[in-house]
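Asks: coords please:
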Amino acid sequence: MSAELYERSTKMVRFNELSMEMTGALARHAESQQLVIADDMPAWLTHSINLPSQSLLGKLFGRRANRADKDREHDVLVVLHTTHLLLVTAGENRGTAALSVPLSQASVRVGSALETSFTAIEDSGITVGGFPGDHGQAGTFYIGLGPEPAGAECAEAIRAAITDAKNP
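Replies: Numbers count the residues shown, from 1 in each chain. The predicted model follows:
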């Protein structure tokens, strides 16, 4: 049995199309990492809607499909810098935050790092690894992507940039 948790939509964006909170978080993070952001850098924005639960109890109590996510909607910005992958997340409850990983130490795989043979969640996206993590383990970040061509373009651009950074 499979369940769809989110309705996602991905599009390529310019920085002037983003909220002030997202551009501010991106600028602060880039400055803290000594990264120069240029207007022509490839950037994609995915808007995710946490769908209503389809279970009987979920419908009865008005729950969302992903009960662990406190936001009904959230956005994830992906920016490909020449040396880093930058991510900005924004949601009403999660707030707005930015993080990055050098492309040369990143890894990427299709799907969620949490997927197992016991879960059958229908969701397209990629998991990027190489972020600082806990207990000496590298951290990961799942980037859910929409079904539009821009979603596939984003995933392929990330994969290609990581491959190119590791094989100069």
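
Asks: Could you measure from Ser48 over to Lys11?
Replies: Distance, Ser48 to Lys11, by C-beta to C-beta, to the nearest Å: 13 Å. For every residue, glycine as well, the C-beta is placed using N, CA and C.

Asks: who has more neighbours, those two?
Replies: Comparing Ser48 with Lys11 by neighbour count (other C-beta atoms under 10 Å), the higher total belongs to Ser48, at 26 against 16.

Asks: wait, what's in contact with the closest residue to Ile49 other than its chain neighbours?
Replies: With sequence-adjacent residues excluded and distances taken as C-beta to C-beta, 6 or more residues apart in numbering, Ile49 is closest to Glu7, at 4.5 Å. Residues in contact with Glu7 (C-beta atoms under 8 Å, 6 or more residues apart in numbering) are 48-49, 51.

Asks: Next: Glu21.
Replies: Glu21 neighbours (C-beta under 8 Å, 6+ apart): 90, 96.

Asks: which of the residues in the helix or strand hosting it are buried?
Replies: Assigned by DSSP states H and E, Glu21 falls within helix 20-32. The neighbour-count check on helix 20-32 (16 or more other C-beta atoms under 10 Å) flags 22-23, 25-26, 29-30 as buried.
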